[in-house]
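Peer 1: Sequence isn't available, so here's the structure alone:
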DNA sequence: GCTAAAAGTCAACAAATGTTGACAAATGGA
DNA sequence: TCCATTTGTCAACATTTGTTGACTTTTAGC
């Protein structure tokens, strides 16, 4: 395998990193179809052939670029009445953090027209949001509750970061937390959620 | 203008309609980039050149295909305590109606990577959702409230119809109305929304 | 039935795309 | 210094794409 021996930061693993960085930027801004290998190469000041040499194909490059780890807080240890606010607060942090925010943008930007991205995005919510909800609510309801939470979080991200709907862009963090927090709180542990 | 004189259903305006129907179907399923003119032509059992003849370009074809009218009910005349449920109920109807649902799918599917679609989608919420909210809430807050509502509706549509997140797909209409209704109600007229 | 306009067919274009292979330059250990 | 491996460059490929123009077939009024 060509995995890191964790020894040499040698020479042009840097090239590899530059390509990946450029790819993440462009995939996040333009989506899978909109970002060509030539665009990525130009952005990394490198030859298009190098992109293929380092990553075997565009699909594989995209797979390497579309990495996300929400690092959601364990809801078990937080105040049960603050689940909603904690969730939305953490979510905003993720989107603002260049590393994770870019990953989410990459997935969301391409998920509507790229089955791989769609599957990856479903995975994120199935493996990172749902188990988290299962820890605080009846596991039998966890799927539905996680689905509802996902719909609100994903819609907010769409409106604010991709679609850039002006009134949603204008919201401050505090306003979002105050407004969306209660929604998530109810979806997570509300008794009226069937 | 080549507008209908509302006289002749003559001959191959039908071709035009077939092309448009095929285009709407494919744009809704695969997005702007994913649906080629040749695909559309094949689906309409017609020559690709005909697509260009009838609609001058792919952009123009897309513009003709991406038509949406939410036909939202006037919130003024409905029970003020039922705004949320009415909204979400109407929204579900739209997405199930082949005509309007397809239009929304076209826009949403392409909005993340096509600026025209994004602008059109922003228009839908600015011109159809916002004024409706302004009729029942302080007009000064209408933008923010409409934005929040949009985020939830759009996220639900993403999860249920495009991303097909299993737990969200599994929800019945009644469950959605019961769960999402209160959220929209609070976004529309809730006193704790800043 | 004749003819002009409409509707449809066909082949080809230019551009963009993912990908490849042959070749040159640089690097680093012996 | 020499040589083998790595790193980079260049030109080209095959395919797909939107689009066009020349041409043929069909239609419809006289």
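Peer 2: Looks like it arrived, so ask away. Bear in mind the structure is a predicted one, so any value in this text is a computation, not a measurement.

Peer 1: element containing residue A:86, please.
Peer 2: Secondary-structure assignment from DSSP states H and E places residue A:86 in helix A:83-96.

Peer 1: The helix or strand that comes right after that helix: which residues count as buried?
Peer 2: Using DSSP H and E, the helix or strand that directly follows helix A:83-96 along the chain is helix A:98-111. The neighbour-count check on helix A:98-111 (16 or more other C-beta atoms under 10 Å in any protein chain shown) flags A:100-111 as buried. In short, each C-beta sits where N, CA and C put it, glycine included.

Peer 1: surely residue A:20 meets residue A:66?
Peer 2: No: the pair residue A:20 / residue A:66 is not scored as a contact, 11.0 Å apart, by C-beta atoms under 8 Å.

Peer 1: what's the overlap in contacts for these two?
Peer 2: The contact sets of residue A:20 and residue A:66 do not overlap (C-beta atoms under 8 Å, 6 or more residues apart in numbering or on different chains).

Peer 1: more neighbours, these two?
Peer 2: residue A:66 (26 against 19; other C-beta atoms under 10 Å in any protein chain shown).

Peer 1: quick one: contacts for the more buried one?
Peer 2: So residue A:66 contacts A:27, A:103, A:106-107, A:110, A:116-117, A:120 (C-beta under 8 Å, 6+ apart).

Peer 1: which one of those residues is nearest DNA strand C?
Peer 2: Nearest to DNA strand C, judged by C-beta to the nearest atom of the strand, of the contacts of residue A:66 is residue A:27 at 10.6 Å.

Peer 1: Which residues are in contact with the closest one?
Peer 2: By C-beta under 8 Å, 6+ apart, the neighbours of residue A:27 are A:35, A:62, A:65-66, A:106, A:109-110.

Peer 1: Tell me the buried residues in the helix or strand that contains it?
Peer 2: Using DSSP H and E, residue A:27 sits within helix A:13-34. By neighbour count with 16+ other C-beta under 10 Å, helix A:13-34 contains the buried residues A:15-16, A:18-20, A:22-28, A:30-34.

Peer 1: Check chain A for the residue nearest chain B and tell me.
Peer 2: Nearest to chain B in chain A, going by C-beta to the nearest C-beta, is residue A:155, at a distance of 2.0 Å.

Peer 1: In chain A, which residue sits nearest DNA strand D?
Peer 2: residue A:49 (3.2 Å).

Peer 1: Can you check the pLDDT for that residue?
Peer 2: As predicted, residue A:49 sits at a pLDDT of 97.

Peer 1: what's near enough to touch it?
Peer 2: Counting by C-beta under 8 Å, 6+ apart, residue A:49 has no contacts.

Peer 1: any idea how far it is from residue A:41?
Peer 2: Plainly put, residue A:49 is 8 Å away from residue A:41 if you go by C-beta to C-beta, to the nearest Å.

Peer 1: And for residue A:50?
Peer 2: Taken as C-beta to C-beta, the span from residue A:50 to residue A:41 is 7 Å.

Peer 1: in chain A, which residue is closest to the centre?
Peer 2: Centroid check for chain A by C-alpha atoms, centre = their mean gives residue A:104 as the closest residue, at 2.2 Å.

Peer 1: Thought residue A:68 was touching that one, still the case?
Peer 2: Yes: counting by C-beta under 8 Å, residue A:104 touches residue A:68, with 5.8 Å between them.

Peer 1: Where does the prediction get shaky in chain A?
Peer 2: Applying pLDDT under 70 to chain A flags residues A:1-11, A:75-77.

Peer 1: can we see that at 90?
Peer 2: Along chain A, the model assigns pLDDT under 90 to residues A:1-13, A:68-81, A:98-100, A:125, A:128, A:132, A:192-194.

Peer 1: Quick check: chain neighbours aside, which residue is closest to residue A:24?
Peer 2: Once flanking residues are discounted, residue A:24 sits nearest to residue A:65: 4.7 Å by C-beta to C-beta, 6 or more residues apart in numbering or on different chains.

Peer 1: Quick one: the helices in chain A, in order.
Peer 2: For chain A, applying DSSP state H gives helices covering A:13-34, A:37-43, A:48-54, A:58-65, A:83-96, A:98-111, A:115-124, A:130-134, A:139-157, A:166-169, A:173-189.

Peer 1: near DNA strand D at all, the fourth one?
Peer 2: No: in this structure, helix A:58-65 remains apart from DNA strand D according to C-beta under 7 Å from any atom of the strand; the gap is never smaller than 13.1 Å.

Peer 1: and the closest residue to residue A:188 other than its chain neighbours, how many neighbours?
Peer 2: Leaving aside its sequence neighbours, residue A:188 sits nearest to residue A:83 (C-beta to C-beta, 6+ apart; 4.8 Å). Residue A:83 has 24 neighbouring residues, counting by other C-beta under 10 Å.

Peer 1: Kind regards, and thank you for your time.
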